[in-house]
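# Please find the sequence and the predicted model below.
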Amino acid sequence: MTTWVLLRGLTREAGHWGAFPALLQARLPAGNRVIAIDLPGNGHLNDERSPARIEAYVDHCRRQLHALGVATPVHVVAMSLGAMVAADWASRHPGELAGCVLINTSLRPFSPWYRRLRPANYGPLLGVVWPGSDSRAREQTILRLTTRHPADAAGTVDAWTALREARPVSGANALRQLWAAMRYRASAEAPAVPLLVLSSRRDGLVDVRCSQRLARAWRAPIAQHATAGHDLPLDDGPWVADQVARWAAALTGGRPPDAARCPSA
């Protein structure tokens, strides 16, 4: 059994993957399974204190897999803050990972602060974490900041609002997650783990050059979607699943199942 672990980003939980886990499962060969876990402070772990260091998120994820009885090495597909966790995991414990897919992330020392989180987003993001804000209004703001062409915008906001109300992330945890992301500095040396970088040309939250510079520094293959926003799996989940499946097949020398037709990127 080959396990694929999905990690989401800042204040987001496993439920925010939506239909993507099933899409990826369908594209991978038999004998693969896909699971999504939460970072501390988010989702089913929303009553836990979010660490202020990326390294602590890695340690927590490792403990989760052990508690679930998941054997390593595993593959990790992660985006944004989750991809920082995956990158650190790959650097410090390479034997536990068979490969990492890093989606729309940004890392020091490869990119400056004003590209890692576009300054125009500071105000709207502060409104998202500020106490007392309406749940639906917060999710509408997040959708506007992170997507370009979601298939069902209203339905997505409904689903996200339900997740927020069922498992709210505290403002303090959101700020600690943001602080962990801002202070983390990745190794300049590439991890000894196969990597794939996926990015969105129209990412309005993180400058696409962050992914480009990371891929160049770590000599990793990169695929860029022409029209998607920061939440690439939501804007075009079939494209992401296809990229991941083809990359995984190339690692093993096999061939992926026939791909569904995906928009050109």
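Looks like it came in fine. Numbers count the residues shown, from 1 in each chain.
# Could you report the separation of the residue nearest to Ile37 when sequence neighbours are not counted from Asp88?
The shortest distance from Ile37 to any non-neighbouring residue, by CB to CB, 6 or more residues apart in numbering, is to Gln64 (5.3 Å). All C-beta spots, glycine's among them, are computed from the backbone N, C-alpha and C. Distance, Gln64 to Asp88, by CB to CB, to the nearest Å: 15 Å.
# okay, those two: which has more neighbours?
More crowded of Gln64 and Asp88, by other CB atoms under 10 Å: Asp88, with 23 against 17.
# Tell me the helix or strand right after the strand or helix carrying the more buried one.
Using DSSP states H and E, Asp88 sits in helix 81-92. Of the helices and strands lying after helix 81-92 in sequence (DSSP H and E), the nearest is strand 97-103.
# Now do that following strand: which elements does it pack against?
strand 74-79, helix 81-92, strand 195-200, helix 237-252 (3 or more CB pairs under 8 Å, 6 or more residues apart in numbering; DSSP states H and E).
# before we move on, the earlier item: packing partners of the helix holding Asp88?
Using 3+ CB pairs under 8 Å, 6+ apart: helix 81-92 touches strand 2-7, helix 54-68, strand 74-79, strand 97-103, helix 171-183.
# Tabulate these (TSV), appending distance to His225.
Formatted as TSV, the helices and strands packed on helix 81-92 follow (distance: least, CB to CB, whole Å):
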stretch	distance to His225
strand 2-7	18
helix 54-68	25
strand 74-79	13
strand 97-103	10
helix 171-183	22
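# Ok, which of the ones you listed comes nearest Pro221?
Shortest distance between Pro221 and those, using CB to CB, is found for strand 97-103: 10.4 Å.
# Mind listing what's buried along the following helix or strand past the closest one?
Next helix or strand after strand 97-103 toward the C-terminus (DSSP H and E): helix 113-116. Within helix 113-116, the residues scored as buried using 16 or more other CB atoms under 10 Å are Arg115, Arg116.
# Who are the packing partners of helix 113-116?
helix 209-217.
# need the helices and strands packed on strand 97-103 in JSON lines with mean pLDDT and distance to Ala188, can you?
Converted to JSON lines, the helices and strands packed on strand 97-103 look like this (pLDDT from 0 to 100; distance: least, CB to CB, whole Å):
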{"stretch": "strand 74-79", "mean pLDDT": "97", "distance to Ala188": "20"}
{"stretch": "helix 81-92", "mean pLDDT": "96", "distance to Ala188": "10"}
{"stretch": "strand 195-200", "mean pLDDT": "97", "distance to Ala188": "15"}
{"stretch": "helix 237-252", "mean pLDDT": "95", "distance to Ala188": "24"}
